[in-house]
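Participant: pasting a predicted model and its sequence here:
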2 protein chains.
Amino acid sequence: METMDKPLETLIVDSILDAIADQRLRAGTKLGEQALSDIFDCNRAHVRRALSMLTGWQVVDHLPNRGAYVATPTPQDARDVFQARRAIETTICRNAVRLADAQDLADLQAHLAAEDAARGQDNRPVAIRLSRGFHILLARIGRNPVLARYLDELTMRSSLIIGLYAQGHATLCAEDEHAGIVAAIAARDEGRALSLLDTHLRHIEAGIRFDDALPVTGALSAALRGR
Amino acid sequence: METMDKPLETLIVDSILDAIADQRLRAGTKLGEQALSDIFDCNRAHVRRALSMLTGWQVVDHLPNRGAYVATPTPQDARDVFQARRAIETTICRNAVRLADAQDLADLQAHLAAEDAARGQDNRPVAIRLSRGFHILLARIGRNPVLARYLDELTMRSSLIIGLYAQGHATLCAEDEHAGIVAAIAARDEGRALSLLDTHLRHIEAGIRFDDALPVTGALSAALRGR
DNA sequence: TTACCAGACATTGTTAACAATCTATAATCA
DNA sequence: TGATTATAGATTGTTAACAATGTCTGGTAA
């Protein structure tokens, strides 16, 4: 009889990761232990463990005696993250072209439709989540959990970077670029898929503007409660 | 006046990571909280934090109510890890070919000499460390800390895999293959460097034998004390 | 006004005691 | 003998109190 336990730390970590991915939690936000204990109605020790896990995800910086803060990527970090994404997503995409079955292709089409719908309704929060979700879905189809885990991390950091440096501009993946990649995968055209993906990632990176500064932010509980 | 603090958790984490990288700590070893507290002469809370960080490195599995264990990669994990290494080290190597300056090339030559010396003396522990160190050095020369960090993690997991599944066989990187890569980098021959690196990584992977089973192990304190 | 300092307040870090769970030993029964 | 179950010990999980550090306010003097 399985207990199907749901460790409390995992809930905290996932909530914060989701909030970062959705750009509800912005770079530089302080993650106070008391505040998080209140929000998740738990002991400070749990929060502490969760924060050290998030540090391992590289999306939280821990300053001794001063607390934990959502990481603030530098321009150099941004370049490195996007280069890493190109390296990893290239292999993921090659896997996807080879391994995608009928169900996977259907999932991709459904995802494109959902993205389209969200944009049609001007639903920005959902559009952000689906935009990231496309890359995550590709990683699942690639069937390499090691690479998928790294991509998870890199897309989190991408969210922080985009929220910091590309507020007005290319804040979302261009939808037609996603569609082109899906078409190439369905056609088993590896070369075209890889080329389109590389171009797509460079477009995202090109949308960031480092001269824009960072606005500080508050409202931790609102960012985490929301969904 | 800097305090140059050296957080205790960091010491514990680094010691265990080093022990794993050097194959002193083997897959499946139990990491008891009391045992580690004794070894590092510290509070159990520190050990607890260190273990949760190591979980983030994917080299420690945490079983609720049963403790922490050095991860035991499956054959599938092994395939995924090596594919990830090929993806990441390809980009790292491309960077290295472009960015290596005179000092970097000298460092590479010095490293090859050190590897040669260790082999000449049949100093297996040092040879293991240097074998991994070559790939880490390449990553430093590539100047992308994000990729370097992932390679750190992947080489750790490679150490566990090799210790588990390739005991007798290809337990070390072939030295001449490292030398060939260095020569290609020095000649700024990107194509040759990438090709040699890919072949090298496939050779390492080919050395693992999944039919061999895992021997359990003990001697935690000896593995960590040693150096 | 501005710079500096002292104190109160809030936050993080540390420790120990207690509770819950698991594991290994030994006794019981078929 | 072999399997099962109780019990004791060890290990992990949880909590609260206390200590150390950082931050902020208000006041003082140049």
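Facilitator: The structure has been received and is ready for your questions. Everything numeric here is computed off the predicted structure, so don't read it as measured data.
Participant: spell out which parts of chain A neighbour DNA strand D.
Facilitator: Residues of chain A lying close to DNA strand D (Cβ under 7 Å from any atom of the strand) are A:8, A:42, A:43, A:45, A:46, A:65, A:66. Where C-beta positions appear, they are placed from N, C-alpha and C, glycine not excepted.
Participant: surely the fifth one forms part of a helix?
Facilitator: If I follow you right, that is residue A:46. Yes. Counting by DSSP: H, G, I helix; E, B strand; the rest coil, residue A:46 is located in a helix.
Participant: any idea of the mean pLDDT in stretch A:184-201?
Facilitator: What stretch A:184-201 shows for mean pLDDT is 98.
Participant: does any bit of it sit next to chain B?
Facilitator: No. Between stretch A:184-201 and chain B, judged by Cβ under 8 Å from any Cβ of the partner chain, nothing touches; the nearest distance is 12.1 Å.
Participant: low pLDDT regions in chain A?
Facilitator: A:1-6, A:167-173, A:212-219, A:224-227 (pLDDT under 70).
Participant: list the buried ones in the longest helix anywhere in it?
Facilitator: Longest helix of chain A, by residue count under DSSP state H: helix A:75-99. By 16 or more other Cβ atoms under 10 Å in any protein chain shown, the buried positions in helix A:75-99 come out as A:77-97.
Participant: quick one, it and helix B:75-99 angle?
Facilitator: Helix A:75-99 runs at 130 degrees relative to helix B:75-99, counting by axes from the mean of the first three to the mean of the last three Cα atoms, to 10 degrees.
Participant: now the element after helix A:75-99, going C-ward?
Facilitator: Once helix A:75-99 ends, the next helix or strand along the chain (criterion: DSSP states H and E) is helix A:102-120.
Participant: tell me what that following helix is packed against?
Facilitator: With contacts taken as 3 or more Cβ pairs under 8 Å, 6 or more residues apart in numbering or on different chains; DSSP states H and E, helix A:102-120 sits against helix A:124-142, helix A:175-186.
Participant: can you do 10 Å?
Facilitator: Taking 3 or more Cβ pairs under 10 Å, 6 or more residues apart in numbering or on different chains; DSSP states H and E as contact, the helices and strands that helix A:102-120 lies on are helix A:75-99, helix A:124-142, helix A:175-186.
Participant: ok, now which ones touch the residue in chain A that chain B sits nearest to?
Facilitator: Using Cβ to the nearest Cβ, residue A:56 is the residue of chain A that sits closest to chain B, at 2.4 Å. The contact partners of residue A:56, taken as Cβ atoms under 10 Å, 6 or more residues apart in numbering or on different chains, are A:13, A:153, B:13, B:52, B:53, B:54, B:55, B:56, B:57, B:58.
Participant: same thing but 8 Å
Facilitator: By Cβ atoms under 8 Å, 6 or more residues apart in numbering or on different chains, residue A:56 lies in contact with B:52, B:53, B:55, B:56, B:57.
Participant: for DNA strand D, see how far away the last one is.
Facilitator: From residue B:57 across to DNA strand D, the span is 18 Å (Cβ to the nearest atom of the strand, to the nearest Å).
Participant: same thing with the second one?
Facilitator: To DNA strand D, residue B:53 is 14 Å away according to Cβ to the nearest atom of the strand.
Participant: please apply the same query to the fourth one.
Facilitator: Note on residue B:56: its distance to DNA strand D, by Cβ to the nearest atom of the strand, is 16 Å.
Participant: what is the burial count for residue A:174?
Facilitator: The tally of other residues near residue A:174 (other Cβ atoms under 10 Å in any protein chain shown) stands at 14.
Participant: with adjacent residues omitted, what lies nearest to it?
Facilitator: residue A:203 (6.4 Å; Cβ to Cβ, 6 or more residues apart in numbering or on different chains).
Participant: about what we covered before: run through the buried residues of helix A:75-99 and flag the ones next to chain B.
Facilitator: A:77, A:80, A:81, A:83, A:84, A:86, A:87, A:88, A:90, A:91.
Participant: residue A:68 is in what secondary structure piece?
Facilitator: Assigned by DSSP H and E, residue A:68 belongs to strand A:67-70.
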